[in-house]
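Visitor: this one's structure only:
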Ligand code: ADP
Ligand code: MG
């Protein structure tokens, strides 16, 4: 039977918005010495806003096509693009055969043929690294900035790019600081986003550049979690479909509750319902105290 101390800790924790799926996760959390965090939607709000557009031809036409492709995606970036199109009163262009390329973007077919939208890795895959556009200098300038970029192209031809941004959760900096104070030695950031964006946000939150891993595919996140797990018990905190495997691999997988994906919640051992990052240190403290009582 479950010791009373564990039951009482589980219920106290639940009242604070940290929901454990069972007593075993609480006991493992007491032994955790490193935390790995996804960035977008975990340390940041995940509510992206479109910032800039650089494109061939009419920006409205460009945005309508991009929104048509992103209509088929559940990614936070896709949501930002759909909202930007809607705010301009644009109707997304019909796109068929749309499919996601995990960690890279989307591919589909519209009235002019094959169309894709995503990061530099997807662009390179399409052979569009230096494709002709009206404003190559402006796209290069966007690339110099520390913003998340979405490139749009047809085959090897780059048509344009937008940038999107979100902001760190208010609780992210204090939450990381509280974990360090609680004696968590390693705190790492794992993201599919660009290095420049990851470093700008991570260092702002007190994460050392050496602890920031960027431009990762979902399987890279799993590998890094496994590397950390080889040294000490590791907790991974994430929200996305792309985080499910890393959540499952971690000693303690912690999913963002309300805004997180269903798949992430299923793969996790713990749900952070409040989305307040400072609650993690509180849960860790409670887990350690409980472990001392039952021993
Ligand atoms: P993260 O760890 O930031 O949640 P993802 O694996 O979901 O990363 O995505 C990694 C990168 O792939 C994004 O930063 C973005 O550049 C690109 N990407 C993924 N999905 C889309 C999409 N629907 N539209 C445009 N770009 C996308
Ligand atoms: Mg995420």
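Guide: Nice, thanks for sending it over. The model shown is predicted, which means the values in this text are computed figures rather than measured ones. Ligands and ions are numbered 1, 2, ... in the order given.
Visitor: find the closest residue to ligand 2 in the stretch 151-295 of the chain.
Guide: residue 240 (3.9 Å; CB to the ion). Bear in mind the C-beta positions are built from the backbone N, C-alpha and C, glycine included.
Visitor: how close does that residue sit to residue 82?
Guide: 17 Å (CB to CB, to the nearest Å).
Visitor: quick check: residues of the protein near ligand 1?
Guide: 38-40, 70, 73, 75, 77-78, 103-106, 117-119, 148, 150, 191-193, 240, 242 (CB under 6 Å from any ligand atom).
Visitor: secondary structure element holding the one residue in the stretch 101-250 of the chain that gets nearest to ligand 1?
Guide: As assessed by CB to the nearest ligand atom, ligand 1 sits closest to residue 192 within the stretch 101-250 of the chain, at 2.6 Å. Assigned by DSSP states H and E, residue 192 belongs to no helix or strand.
Visitor: I'd like to know which helix or strand in the chain has the lowest mean pLDDT.
Guide: Lowest mean confidence among the helices and strands of the chain (mean pLDDT, DSSP states H and E): helix 136-144, at a mean of 81.
Visitor: in the protein, which helix has the most residues?
Guide: Longest helix in the chain, counting residues (DSSP state H): helix 278-294.
Visitor: mind listing what the closest residue to residue 209 other than its chain neighbours touches?
Guide: Ranked by CB to CB, 6 or more residues apart in numbering and with sequence neighbours excluded, the top spatial neighbour of residue 209 is residue 199, at 5.9 Å. With contacts defined as CB atoms under 8 Å, 6 or more residues apart in numbering, the neighbours of residue 199 are 146, 209, 212, 214.
Visitor: where along this protein do the helices fall?
Guide: 4-15, 23-29, 59-70, 76-87, 120-125, 136-144, 172-181, 195-204, 218-229, 244-249, 262-267, 278-294.
Visitor: just list whatever residues bridge to residue 238.
Guide: Bridge pairing for residue 238 (DSSP bridges) gives the partners residue 255.
Visitor: show the contacting residues for it.
Guide: Counted by CB under 8 Å, 6+ apart, residue 238 has contacts 37-38, 42, 221, 246-247, 253-256, 260, 264.
Visitor: including distance to ligand 2, could the helices of the chain go into JSON lines?
Guide: Supplementary listing: the helices of the chain in JSON lines, determined by distance: least, CB to the ion, whole Å:
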{"stretch": "helix 4-15", "distance to ligand 2": "23"}
{"stretch": "helix 23-29", "distance to ligand 2": "21"}
{"stretch": "helix 59-70", "distance to ligand 2": "17"}
{"stretch": "helix 76-87", "distance to ligand 2": "7"}
{"stretch": "helix 120-125", "distance to ligand 2": "17"}
{"stretch": "helix 136-144", "distance to ligand 2": "22"}
{"stretch": "helix 172-181", "distance to ligand 2": "13"}
{"stretch": "helix 195-204", "distance to ligand 2": "12"}
{"stretch": "helix 218-229", "distance to ligand 2": "10"}
{"stretch": "helix 244-249", "distance to ligand 2": "10"}
{"stretch": "helix 262-267", "distance to ligand 2": "8"}
{"stretch": "helix 278-294", "distance to ligand 2": "16"}
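Visitor: now the weakest link among those helices, please, by mean pLDDT.
Guide: Here the helices of the chain differ in mean pLDDT, and the lowest is helix 136-144 at a mean of 81.
Visitor: now the angle from that one to helix 195-204?
Guide: 30 degrees (axes from the mean of the first three to the mean of the last three CA atoms, to 10 degrees).
Visitor: which other helices and strands contact helix 136-144?
Guide: Helices and strands touching helix 136-144, by 3 or more CB pairs under 8 Å, 6 or more residues apart in numbering; DSSP states H and E, are strand 49-55, strand 148-154, strand 157-165.
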